[in-house]
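Peer 1: All I have is the shape, not the residue letters:
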């Protein structure tokens, strides 16, 4: 009898702990934009397609810096980066870093790896960086990265057991490729491509402080927004990082 009661108490405690660790209700995402144009209507339709489990709002930089402050962090659960902003002050950088390091997770899409050329910590946060000019990292020189619009290419799921990529087949996408960008050593590869105009690793996961980070390099235009496999990756990335 004592063993039975102990088991019941243990189950109750574990259940309470698990429920306390997850937000109640829909996952609230804050989409950070600015510094790059995009097809707003089609992008928003993709966000709507994620279903009732996810709600969203958009904040455009530089005004979005206010949302990284402690008094505003309880207004959302996950940050989705779709910006290519460059200007940031030391104070803004410190607040931004602390926000993510202390537990606000990130899903970074496409041109967000091109942001903040002069802020090195940003590449440590997301684990990658597109270079607009030659850059040296850890003694290695990287030339300026390149891009090509409107290509059909194949995406390979290289980590089928990961929650972000589970159930996603290898698929074809019509999108923009980036080549020559930096990918950190501490990432977990999720997606690759053999397209010659692209860096091979085009999707990854990592940790930064207390936060999970996922980067999906694809996401330039409407054909990608409408791709069911990309939508599934985006939704599963949001649900996993939260």
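Peer 2: All right, it came through fine. Predicted model, so just to flag it, every value in this text is computed and none were measured. Numbering: from 1, shown residues only.

Peer 1: Within the helices and strands, which one has the residue nearest the centre of the chain?
Peer 2: Geometric centre of the chain, nearest residue: residue 107, 1.7 Å, by Cα atoms, centre = their mean. Element membership of residue 107, judged by DSSP states H and E, is strand 106-109.

Peer 1: And the helix or strand following that strand, what does it pack against?
Peer 2: Heading C-terminal from strand 106-109, the first helix or strand you meet, by DSSP H and E, is helix 120-126. Counting contacts by 3 or more Cβ pairs under 8 Å, 6 or more residues apart in numbering; DSSP states H and E, helix 120-126 is packed against helix 90-101, strand 106-109, strand 201-208, strand 211-216. For glycine as for every other residue, the C-beta is placed from the backbone atoms N, C-alpha and C.

Peer 1: Specify the beta-bridge partners of residue 154.
Peer 2: residue 172 (DSSP bridges).

Peer 1: if we can go back for a sec, report the mean per-residue pLDDT for the strand holding residue 107.
Peer 2: Taken as a whole, strand 106-109 has an average pLDDT of 98.

Peer 1: Pairing partners for that strand, with directions?
Peer 2: strand 78-81 (parallel), strand 211-216 (parallel).

Peer 1: by how many degrees do the longest one and strand 201-208 diverge?
Peer 2: For strand 211-216 against strand 201-208, the angle between stretch directions is 170 degrees (axes from the mean of the first three to the mean of the last three Cα atoms, to 10 degrees).

Peer 1: before we move on, back to that, pretty sure the residue nearest to the centre of the chain is touching residue 219, no?
Peer 2: No - contact between residue 107 and residue 219 fails when scored by Cβ atoms under 8 Å: they sit 10.3 Å apart.

Peer 1: Which parts of this structure are strands?
Peer 2: Counting by DSSP state E, one finds strands in the chain at the ranges 27-33, 54-60, 78-81, 106-109, 128-129, 135-137, 140-142, 146-157, 171-179, 182-183, 188-192, 201-208, 211-216.

Peer 1: Distance to residue 238 added to these, as CSV?
Peer 2: Putting these into CSV (distance: least, Cβ to Cβ, whole Å) gives the following:
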stretch, distance to residue 238
strand 27-33, 6
strand 54-60, 6
strand 78-81, 5
strand 106-109, 6
strand 128-129, 19
strand 135-137, 29
strand 140-142, 30
strand 146-157, 18
strand 171-179, 19
strand 182-183, 21
strand 188-192, 14
strand 201-208, 13
strand 211-216, 8
